[in-house]
Each structure stands twice: as C-alpha cells, then as structure tokens.
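**Student:** Sharing a sequence plus its predicted fold:
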Amino acid sequence: MRWDGDALLMLDQRRLPRHVEWLRLSRWTEVRDAISDMAVRGAPAIGIAAAYGMALAARQGAGERDEADRGLRHSRPTAVNLFWALDRMQRVEPWTFERALEEAQTIEEEDRAMNYAIGRHGAELVPPGAGILTICNTGGLATAEHGTALGIIRTAYARDPSIRVFSCETRPRLQGLRLTAWELMQDGIPFHSIPDGSAATLMREGKVQFVVAGADRIAANGDTANKIGTYSLAVLAQAHGIPFVVAAPSSTIDGTLPNGEGIPIEHRSGTEITEIEGVPIAPEGCPTWNPAFDVTPGELIAAIVTESGVHRPPFALG
Ligand code: MRU
C-alpha cells in the first residue's frame, strides 16, 4: 500500500503474480470492498488498510466517521488487527484528515518495525540448515514490510543461506503458491511450493526441522486462528517431533479472549473451492464447506514470536 496525495494505492493481490496492478482507492467504501474481496489480505495489512480507510472517511467529511467505522468492522471477521486498528483510529482527536492520516501512517510504520523485530527474535529459533515449512502468505504483501513468519524466514536466510523453505500452496485461494512463491523468488530464497496434502510425507522424509505460521487472532492462552490448514500442520509437527512456531505482532493478540473458542471464523463462498479463476471445475451444485481459518490449540505451539520476544508455553498473553 502507498498513500498518494489524496488516495490509497493498493497492489491488487487477487491479480498477482501474473498481473501487477495497483488500485487507486479514494473512498472508504472502496477500501471496505477491497478488504472483503481480498484485494488486500493478511492480518496486519488488513488493519493498515482499514486505518487508511478511516483517513479517507475523514477526508470525505466528519459525518462519515461512524458509518465508516461500522462498515470497515464488517469487512472481515477473523483478523483482530482490523478491530485493533479501528479502535486506534477511534481515539484520534481532533478528527481531522491530517490527524487521521498521520495515525494511519504511524500504524503502518509501527508494523514495519515490529516485523523486523519478529524476524530477529524468530531467526534465533531456526536450527542451522533447517528445512522450514510455512503456509499462506505472511510476507511484505500481508504486512507493512518484511513479514511475520516470512520475516523470520527472511532474517534466518540472511544469517544462514543453507536453510531451505517449503511453502504450502494454501488451498483454496492459493496465497502460498501465488504470493509467497512470488516474494521468495524476488528475494532469491531457495524454496519449493508443495501441495497442502504432502506436508506429512515431507516431514516423514526428514525434510522439515521447523514449521512457522502467521496468525489472524491469538487468544490469551495461545490458541491461534490462522489460515485453514495451519492446525493440520501443527498436529503433523507434533507427530513428527518438529517445533511448530507462530509469528505475529502484538496487534494480533486478543487478550479479551481467554481461549480460541470465541474467535469468529470466517466462512467464505463455496465458489472458492468449486471454481479456479472463475472457471467451474466441480459438478454443478456441488455442496461445499469453506472455513477460511482454523484454530490451533496453544498446546501444539512451541513458541509464539512477537516484536517483544519469544513467548513459551504455558502462554499468558494480552
Ligand atoms: O485469508 P487471508 O489471506 O487474509 O489469511 C491470511 C493468513 O491467514 C495469514 O497467515 C495471517 O493473516 C498472517 S499475515 C502476516
């Protein structure tokens, strides 16, 4: 994302990697739609986008504040960074465009700094020459810059170029195959994209020594909502004696929830499963079940890395 005078420029993640297209958003409703339709995605990036959406609302007029706040809160339910950023924007006084924009830019700057800190803390946990398995996209596209889980991988690679990365393709929206692969190729970090269902075999063959995932919402006891499929990786990691680590800024911690039971899980359209790029591939009328996230119990998590350091179980966050 980039602020450009009177509008928010946003790289359209739905079009990547084959098309690099920027959206120019000048109304908060356009930001809301970009979030719900996943032109921007990834917990921290959603929060940053929402903050800029509020700045656009301030520019549109003081009367838009409450409606924009409500509208943006309904854009996606699971990533708590969205609500965290909107709460911060609610505290901005006086409510002027300049102050709102300044706060949005501060939120983005802070996220950038948090990611580099997460990278430094998390890289300490990566065994020398490790095979690292990750899921979804947690890089610069999902954050202000550098990334959370991918930030750890980036920092670890800078210290130890012998590490190897395996990136789950991440059905159904393929954030791993389309976005993480794109980021890793730009950095020249060696990796393989894998089908989600091959993770167990990869571990059994001894190719994985470290699993790292991002998060959309972390409850006080460490229960962690993240992209669907993350829970499976945590179970598999435990079965194979491999550490499973979560990386997220403190803006992803929801201390109001004692455990993961209260985390709202987004269910998305079945067409994400039955169609590929708008082309139907399933029998017509095929029933679907499409939760976008799952919750990994804190007991399966070896460490949660935030900007403040490495948290070990039993977790008491927030
Ligand atoms: O549905 P998405 O693509 O927004 O889901 C994103 C994830 O689950 C990420 O792993 C998470 O938000 C962390 S991004 C640093």
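**Tutor:** Cool, the structure landed.
**Student:** Chain neighbours aside, what residue packs nearest to the residue of the chain found nearest the ligand?
**Tutor:** For the chain, the nearest residue to the ligand under the criterion CB to the nearest ligand atom is residue 214, separated by 2.8 Å. Placement of C-beta: from N, CA and C, glycine included. With CB to CB, 6 or more residues apart in numbering as the criterion, residue 214 has its nearest non-adjacent residue at 3.6 Å, and that residue is residue 138.
**Student:** can you confirm that neighbour is in a strand?
**Tutor:** No: under DSSP: H, G, I helix; E, B strand; the rest coil, residue 138 falls outside any strand and is assigned coil.
**Student:** Let me see the contact set for it.
**Tutor:** Residues counted as contacts of residue 138 (CB atoms under 8 Å, 6 or more residues apart in numbering) are 42, 147-151, 180, 213-214, 247.
**Student:** Residue numbers of the stretch 201-318 of the chain in contact with the ligand?
**Tutor:** 214-216, 226-227, 292 (CB under 6 Å from any ligand atom).
**Student:** Top of these by number of neighbours, please.
**Tutor:** The most neighbours of any of these, using other CB atoms under 10 Å, belong to residue 214, which has 32 neighbours.
**Student:** Isn't that residue up against residue 226?
**Tutor:** Yes: with the criterion set as CB atoms under 8 Å, residue 214 and residue 226 qualify as a contacting pair; they are 5.9 Å apart.
**Student:** shared neighbours of the two, which are they?
**Tutor:** Common neighbours of residue 214 and residue 226, using CB under 8 Å, 6+ apart, are 136, 246.
**Student:** how many other residues sit next to residue 217?
**Tutor:** Counted with other CB under 10 Å, residues neighbouring residue 217 total 29.
**Student:** which residues does it contact?
**Tutor:** Contact criterion CB under 8 Å, 6+ apart gives 43, 78-80, 224-225, 252, 254, 257, 263 as the residues in contact with residue 217.
**Student:** likewise residue 298?
**Tutor:** With CB under 8 Å, 6+ apart as the criterion, the residues that contact residue 298 are 219, 221-224, 259-260, 313-315.
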